[in-house]
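[1] sequence and predicted structure below; questions after.
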Amino acid sequence: MMVLSGRGKYSDPMEIPSNEAHVPSNLKTLNQYSIPDINHRLKNYLKFLFVREPFERLVSAYRNKFTLRYNTSFHKRYGTKIVRRYRKNATAEALQSGADVKFQEFAEYLVDPGTQKEAPLNEHWQTVYSLCHPCHIHYDLVGKYETLEEDANYVLKLAGMGDSLHFPSYAKSTRTTDQMAAMFFNNISSQQQSQLYQLYKLDFLMYNYSIPSYLKLQ
């Protein structure tokens, strides 16, 4: 998207520094337009959505935000709260840093009725149907993370850019897989598994993902 809208500033997406890729002002969002312009775009522009298997996405978010040392902002904002609420006899260091949240504690936080009442879930683990409103926005295409390169290149082709820009091939060895998600889910109770499935059930159904074979639903 930054290559397409960068007016020549970027030519290779893989050369864009990660810190620059996360600067919000680099891409213009829909709410920055006037109401007539928004309606025009929703009616006439190519609209696409990319989804991922819900529990792989969830475990990936947990691994990235709670197990990597550099994500101190997430440790402080969410980790300290999770440790304070769900860990008995937490150490002063854990309460202060929030840097060692267990997946079981994260799951407990997600399924706690008080969490949703407090504020919307963070975008990294919010349900996709809540984030992207597929019942209100008529997307032309729903792509999947599992076939990301193929689907993204198809989007570029539909947008008329298929000859000049290609989605980069990038085999990341650390990415979260189904087997990895199964390992994390095996460490939580069947009750928590059922509660998490209920929370993300619409994402499974709407985007045609099967119930994972490793789930022990009550």
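    That came in fine, so what should we check first? Residues are numbered from 1 along each chain as shown.

[2] quick one: secondary structure of the most centrally placed residue in the chain?
    Relative to the mean C-alpha position of the chain, the nearest C-alpha, by C-alpha atoms, centre = their mean, is the one of His124, at 4.1 Å. Assigned with DSSP: H, G, I helix; E, B strand; the rest coil, His124 falls in the coil class.

[3] tally of neighbours for the nearest residue to it once chain neighbours are set aside?
    With sequence-adjacent residues excluded and distances taken as C-beta to C-beta, 6 or more residues apart in numbering, His124 is closest to Ala61, at 4.3 Å. Yep, even glycine has a C-beta here, placed from its N, CA and C like the rest. The local packing of Ala61 (other C-beta atoms under 10 Å) involves 18 other residues.

[4] with Ala94 instead?
    17.

[5] check the one 5 residues further on too.
    Applying the criterion other C-beta under 10 Å, we find 19 residues in the vicinity of Ala99.

[6] re the thing from before, how near is the residue nearest to the centre of the chain to Asn64?
    Per C-beta to C-beta, to the nearest Å, His124 is found 8 Å from Asn64.

[7] which element is the residue nearest to His124 on?
    helix 54-66 (DSSP states H and E).

[8] and that helix, which residues are buried?
    54-63, 65-66 (16 or more other C-beta atoms under 10 Å).

[9] for it, packing partners?
    Applying 3 or more C-beta pairs under 8 Å, 6 or more residues apart in numbering; DSSP states H and E, we find helix 54-66 packed against helix 103-111, helix 178-185, helix 190-206.

[10] just say which of these is most tucked in.
    With neighbours defined as mean count of other C-beta atoms under 10 Å, the helices and strands packed on helix 54-66 peak in mean count at helix 103-111, which reaches a mean of 19.

[11] can you find the helix or strand in the chain with the smallest mean pLDDT?
    helix 18-21 (a mean of 85; mean pLDDT, DSSP states H and E).

[12] distance from the chain centre to the helix or strand that it is followed by, please.
    Per DSSP H and E, the first helix or strand lying C-terminal to helix 18-21 is helix 35-44. Going by C-alpha atoms, centre = their mean, to the nearest Å, the spacing between the C-alpha centre of helix 35-44 and its chain's C-alpha centre is 26 Å.
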